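K.L.:
predicted model follows, preceded by the sequence.
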Amino acid sequence: MLFEGLSQRLQDTFKRLRGRGKLSEKDVKEVLREVKLALLEADVNFKVVRTFIARVQERAVGEEVMNSLTPAQQVIKIVRDELTELMGGSAVQLRFEGKPPYIIMLCGLQGSGKTTTAGKLAKYWQKQGRRPLLVACDIYRPAAVKQLQVVGESLNIPVFALNGQDPVVIAAEALEYAKNHNHDLIILDTAGRLHIDAELMGELQRIRERVPVYRTILVVDAMTGQDAVTVAEEFNNAINIDGVILTKLDGDARGGAALSVRSVTGKPILFGGFGEKSDALEVFHPDRMAGRILGMGDVLSLIEKAEASIDQDEALKMGKRMLSAEFTLEDFQAQLEQMRKLGPMDQILQMLPGANKIKGLDKIKVDEKQLRRIEAMIQSMTPEERRRPEIIDGSRRRRIAAGAGVKVQDVNKLLKQFEESRKLLKQLGLLEKKAKKGGLFSLFK
Amino acid sequence: MTEELYEELEAILIQADLGVEASVGLVETLRQRAKAEKIKAAEELRWLLKDELKKLIGEPGVLIKNPSGPTVVMIVGVNGTGKTTSVGKLAYHLAEQGQKVVLGAADTFRAAAIEQLEIWGERAGAAVIRHQMGSDPAAVAFDAVQAGLSRRADYILIDTAGRLHTQTNLMQELEKVGRVIGRAMDGAPHEILLVVDATTGQNALNQAKLFAKAVPITGIILTKLDGTAKGGIVAAVVNTLRVPVKFIGIGEGVEDLKPFDTEAFVEAIFDRS
């Protein structure tokens, strides 16, 4: 099987591409071949895949490889970032602005899940304090009106229906009804239709001409294949959709349709449907979807870990500086700001390999709360004092304490702790020399 | 020149939802045949590919007929593929041929699914056996088979609720419906048709595999072929389950269920592209 081995073949590619520095064209091409297959297997449209791959190729060649990643992983990272970006970056919330009632029109192919979604949306917005009205505009499919009525009844949300009327008339009457009954939100459940059915597409246009539709939302089945592009394009051309809801995401479809639809319409995916229960509706997260479409779970979590450890790299760099230079209060001061970002100094020191073997390291406690006081004390010292703390005698201590607004004991404590730290750092420095050649830090590169 | 053509053909297949694996495989076979048979002309290569595709998809199947008593047909599939509509159209199709049909409304889950089937029953002139919404689907199926037996029906069509193949408990429920039908009548169900939406991509194969695990699928109904989707994934489904495509759905009208035609299906894949 071509795809059962996808993960394995990716691993092989990773092993082969061991170089450092910048990504070569060969690195990128080799990985993107696998990515292309993964995307096609996830039902991303053929043409969308082609454009996407070309775009990543262009972006990735020559890019710096992150320290903690292999070149192949770096390419996958770029792929994931681009995928997320292409799908809209972060979650989009539908906002209600202007004068209510807001009319939301749902449309889509047959069986995409419009009626179920209508119920879920009504409940979702009702929970946010809206007073929704469901409107049965599907007059074609047998018992479709009844279906919406049953859904409405089970959710305790009123349903507006008119027997034997045109959907355009139903929508208009529903608007009047909503105004008279204090509904601020109207959800039109329209009939499923083919995008190439000119007459029924015309009906949606006529509804929009007759009533002020606030948002038109296309409901798309997450299992849709290559045709998602055509469907989305045609609906968008005919009635200019505002957003998309992706349904049936509780299944095991990879959902490449999300990418296809997004890239041909440029419209955001607003919600995802995750089951038949009325609350199985979630705000859509492009990053999660990117991961799902790409598959490659292991690789992606590896990349995420590497990203999380960037901070650790920074900490190590600082540790190295502490060891290499004669560590002074001046350095200490300069690093205080950075340290706040990275966490307490004792933790930074704990990150150094071998640090747990050094006795007395746990005594170094630079309390986060004390950092500001320490900073104040160091600021009250002269440059000479910062460089050579041993010259700080009793009178200098009193002056510093007064300047920083602390007690002399605090200054004593700081100087004592600093002296201890310096001893420890010396010890670490010796350890480094013992570890020979490239030094301690070459051990964990 | 030829390489470009191969790539173009491969793209056509992928865009028809055949999947990369099948598409690459087919074009590879084409290359070999072209080499062996010394064929270079584009038209001939196209013809060859269509020929390979027809072989892959196989002959259409026909509806099974139980020679002794009613034929029980169960209709299964994921949500929104068009099961109820297919049952309705199949009932109409059979009634047109003078067959007596009884329908079992075993989708007791989806709102108004029972009412929907009842309307189809009226259109086809078929009796609908129903319980209340939320009742046990196996019990409905059992009653429908018994009613069909006592009324000497030719066909008993059982509509089931749409369910995602990944929902284990619902798949077990389906298995139970099949078992209970067998208890109502020996050898039943005679036919279990999986309804596949032609718009579906690669996931249809997972669907087919997991449905076949729960109940012995005997054939495929490929719906929504009146749109622009080509339904190519059915090739993988047919070859994995080793069952034929029996019918296609091409609309919501009573006559919009047609016997599957391999030739026409393959031609449509190359249409417009």
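P.N.:
Cool, got the structure.

K.L.:
in the chain, which spans are strands?
P.N.:
You didn't say which chain, so I picked chain A. Here chain A has its strands, by DSSP state E, at A:102-108, A:132-137, A:159-160, A:185-190, A:213-221, A:243-247, A:269-273, A:281-283.

K.L.:
um, chain B though
P.N.:
Applying DSSP E to chain B gives strands spanning B:71-76, B:101-106, B:127-129, B:155-160, B:191-197, B:219-223, B:245-249, B:257-259.

K.L.:
any chance of JSON lines for those, columns mean pLDDT and mean neighbour count?
P.N.:
(Each C-beta comes from the backbone N, C-alpha and C, glycine too.) Below are the strands of chain B laid out as JSON lines (pLDDT from 0 to 100; neighbours: other CB atoms under 10 Å in any protein chain shown):
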{"stretch": "strand B:71-76", "mean pLDDT": "98", "mean neighbour count": "27"}
{"stretch": "strand B:101-106", "mean pLDDT": "98", "mean neighbour count": "29"}
{"stretch": "strand B:127-129", "mean pLDDT": "98", "mean neighbour count": "21"}
{"stretch": "strand B:155-160", "mean pLDDT": "98", "mean neighbour count": "30"}
{"stretch": "strand B:191-197", "mean pLDDT": "98", "mean neighbour count": "27"}
{"stretch": "strand B:219-223", "mean pLDDT": "98", "mean neighbour count": "27"}
{"stretch": "strand B:245-249", "mean pLDDT": "98", "mean neighbour count": "24"}
{"stretch": "strand B:257-259", "mean pLDDT": "98", "mean neighbour count": "17"}
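
K.L.:
for chain A, which of those strands is the nearest?
P.N.:
Chain A lies closest to strand B:191-197 among the strands of chain B, at 6.5 Å (CB to the nearest CB).

K.L.:
what's the closest one packed up against?
P.N.:
In this structure, strand B:191-197 packs against strand B:71-76, helix B:83-96, helix B:203-214, strand B:219-223, helix B:234-241, with contacts taken as 3 or more CB pairs under 8 Å, 6 or more residues apart in numbering or on different chains; DSSP states H and E.

K.L.:
quick one: closest of those to chain A.
P.N.:
Using CB to the nearest CB, those put helix B:203-214 closest to chain A, at 3.9 Å.

K.L.:
how about A:Leu188: what's its closest non-neighbour residue?
P.N.:
A:Met105 (4.4 Å; CB to CB, 6 or more residues apart in numbering or on different chains).

K.L.:
list the beta-bridge partners for that neighbour.
P.N.:
With DSSP bridges as the criterion, A:Met105 is bridged to A:Leu188, A:Thr216.

K.L.:
got the contact list for it?
P.N.:
With contact set as CB atoms under 8 Å, 6 or more residues apart in numbering or on different chains, A:Met105 has these partners: A:188, A:190, A:204, A:207-208, A:213, A:215-217.

K.L.:
per-residue pLDDT, it?
P.N.:
Here the pLDDT value assigned to A:Met105 is 98.

K.L.:
was I right to think B:Asn79 contacts B:Gly162?
P.N.:
Yes: at 3.4 Å, B:Asn79 and B:Gly162 qualify as touching, with contact defined as CB atoms under 8 Å.

K.L.:
need the residues touching each of these two.
P.N.:
Residues touching both B:Asn79 and B:Gly162 by CB under 8 Å, 6+ apart: B:Arg110.

K.L.:
how near is the residue nearest to A:Leu188 to chain B?
P.N.:
Per CB to the nearest CB, to the nearest Å, A:Met105 is found 19 Å from chain B.

K.L.:
excluding chain neighbours, what is closest to the residue of the stretch 51-200 of chain B found nearest chain A?
P.N.:
Per CB to the nearest CB, B:Gly80 is where the stretch 51-200 of chain B lies closest to chain A, at 2.8 Å. Closest residue to B:Gly80 apart from its sequence neighbours, by CB to CB, 6+ apart: A:Gly111 at 2.8 Å.

K.L.:
so the one you found sits against B:Gly82, correct?
P.N.:
Yes: A:Gly111 lies in contact with B:Gly82 (CB under 8 Å); the separation is 6.0 Å.

K.L.:
between those two, which contacts overlap?
P.N.:
With CB under 8 Å, 6+ apart as the test, A:Gly111 and B:Gly82 both reach B:197, B:224.

K.L.:
picking that back up, buried members of the contacts of A:Met105 into PyMOL, please.
P.N.:
The PyMOL command for the buried members of the contacts of A:Met105 (criterion: 16 or more other CB atoms under 10 Å in any protein chain shown) is given here:
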select buried, chain A and resi 188+190+204+207+208+213+215+216+217
